[in-house]
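Participant: Quick one, fold the following:
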Amino acid sequence: MTREDLKGKKVMVVGLSKTGVSLVKFLAENGAEVTVSDHKSAAELSDSLDKIENFQVHYDLGGHTPKAMLAQELILLSPGVSPELKIFDYARQHGVKVSGDIEFASQFIEEPIIAITGTNGKSTTARLAQLFLEESKKKVWIGGNYGEPLIEYVNKGEKADVLICEVSSFQLEHVETFNPQTIVFTNIAEDHLDRYRSFDEYIKAKRKIFLNTNQATTSVLNADENRVVDIARDPAVQRGRIFYFSRKKTLEPQIMNIGGGVSIDEDIRIRVGPEIESYSSKNMKLLGKHSVENVMAAICATREYGAEPEAIQKVIDTFGGLDHRMEYIRKAGGVMFYNDSKATNVHAVARALAAFDENVILIMGGKDANVTFEPIIESIKQRVKTLILYGEAKERINRALGDYSETYLIGTFEEAVLIAYQKSRIGDTVLMSPGCPSFDLFDNYIERGNYYKKLVNAFK
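Facilitator: Now for the predicted structure:
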């Protein structure tokens, strides 16, 4: 598709989120006849509507009207909108194409894309890749599921040397032609079972990142994750180079032979060309053993785009992590407080807990995503002295984990944070790592994390 193809084309954007607003701007500026559909009312969408008030747009608010949808040639769904809703099946049956933002935006981009997916570590890996390249004097654009929507790169008319695009399973559901030059697959674990019927359905969505790979594609894969390796071995998928990364010393000869990275003590060994490179993790600021996986993945993905070893080492030594991802807030009353609001699944909580030895007061809860919490039982036994539960999922979490530490079910988020502080003693760590989406009480994990920081910073 070209910009010329959009002139006069009837396009509906479903979901007036940040991505939806960006799509409306691009479509309207390129001559499309745009309709916005959202289940929320105009009053609820006032902030978003203000951002597009200068564009000629039709509205279908307070629900999704079949008649309005059938009048379209193309329907673009924001990432939070499930394509499995019956009304979209109805539209498809009547010849209306239904797609998503990553698939749509990528058709207007010629520059190379590094696409990063997985259950956890996507954003940190993306940010590391960005810093490796920028420190090497490369012009980089970063966005997708992290940061700005991909269509914003097209909107602004920027020209980067390389784009780094974090891609969620929701965005991958629509892939037909999306074909990034480099793919990073960090890991995979049970997640979003409030959206998918099973874990296999979630994996199926993630697998679509490989739909259009060819001999020119570079794939960077976690060798320690059997399911990721199985995806890479799919005989129906064509790939070019594959780099594996691992924290297992025993895999060093194998990985160094085919290319990738291995972490051995405080040494990270990487091979993406004829020579083996070594990087030190001795001064790495990122918390958690899993962080070295993100570093290896980012190195393997960026060396071919001009990331220099000296620049990579500097970033390893100085980067302290993302906001809301194992973010140190402060020390109050001899207690350390960490904000891990971005931990929206159980696998992420396990990784966060692995950064501590014991005496953790853990705050968990949020929207019930219908996942199981049993995988972190051993982590709870070994490291958590007190478990504070709040939100929609607190009863489910309590049934799974409540017997393995002192546990409190709390009515509000504010009370949960206060009780955590009251139960703490000098030398303890209070960790807010919810293991659930935020949407029962907050608009997103950022709002949840910022509110947590506000509460913690108010402690005397």
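Participant: Remind me which helix or strand Gln361 belongs to.
Facilitator: For the record, residue 361 is Ile, not Gln. Counting by DSSP states H and E, the secondary-structure element that holds Ile361 is strand 360-365.
Participant: Would you mind listing the buried residues in the helix or strand following that strand?
Facilitator: Using DSSP H and E, the helix or strand that directly follows strand 360-365 along the chain is helix 377-383. Neighbour-count burial for helix 377-383, counted by 16 or more other Cβ atoms under 10 Å, picks out 379-380, 383. For glycine as for every other residue, the C-beta is placed from the backbone atoms N, C-alpha and C.
Participant: Only C-alpha atoms, please: export helix 377-383 in PDB.
Facilitator: Taking only C-alpha atoms (Å, rounded to 0.1, in the frame of the first residue of the first chain), the coordinates of helix 377-383 have been written out as PDB:
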ATOM      1  CA  ILE A 377       5.700 -21.100  44.800                       C
ATOM      2  CA  GLU A 378       9.400 -21.900  45.300                       C
ATOM      3  CA  SER A 379      10.400 -18.300  44.900                       C
ATOM      4  CA  ILE A 380       7.800 -17.300  47.400                       C
ATOM      5  CA  LYS A 381       9.000 -19.900  49.900                       C
ATOM      6  CA  GLN A 382      12.600 -18.900  49.600                       C
ATOM      7  CA  ARG A 383      12.500 -15.100  49.400                       C
END
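Participant: residues in contact with the helix or strand just after that helix?
Facilitator: Secondary structure here is assigned by DSSP H and E; on that basis, the next helix or strand after helix 377-383 toward the C-terminus is strand 384-390. Where contact means Cβ atoms under 8 Å, 6 or more residues apart in numbering, the residues beyond strand 384-390 that reach it are 353, 358-366, 380, 397-398, 401-402, 404-413, 415-416, 419-420, 423-424, 428.
Participant: got the angle between the next helix or strand after strand 384-390 and strand 360-365?
Facilitator: Helices and strands here follow DSSP H and E; after strand 384-390, the next one along the chain is helix 394-401. Relative orientation of helix 394-401 versus strand 360-365 (axes from the mean of the first three to the mean of the last three Cα atoms, to 10 degrees): 140 degrees.
Participant: Enumerate the positions of helix 394-401 that are buried.
Facilitator: Judged by neighbour count using 16+ other Cβ under 10 Å, the buried positions of helix 394-401 are 394, 396-398, 400-401.
Participant: Could you dump the residues you listed into JSON lines with pLDDT and distance to Ile388 added?
Facilitator: Written out in JSON lines, the entries for the buried residues of helix 394-401 read as follows (pLDDT from 0 to 100; distance: Cβ to Cβ, whole Å):
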{"residue": "Lys394", "pLDDT": "97", "distance to Ile388": "9"}
{"residue": "Arg396", "pLDDT": "96", "distance to Ile388": "15"}
{"residue": "Ile397", "pLDDT": "97", "distance to Ile388": "10"}
{"residue": "Asn398", "pLDDT": "97", "distance to Ile388": "11"}
{"residue": "Ala400", "pLDDT": "97", "distance to Ile388": "15"}
{"residue": "Leu401", "pLDDT": "97", "distance to Ile388": "11"}
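Participant: Any chance of a ChimeraX selection covering the buried ones in the contacts of strand 384-390?
Facilitator: For selection in ChimeraX, the members of these meeting the burial criterion (16+ other Cβ under 10 Å) are listed in this command:
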select :353,359,360,361,362,363,364,365,366,380,397,398,401,402,404,405,407,408,409,410,413,416,419,420,423,424,428
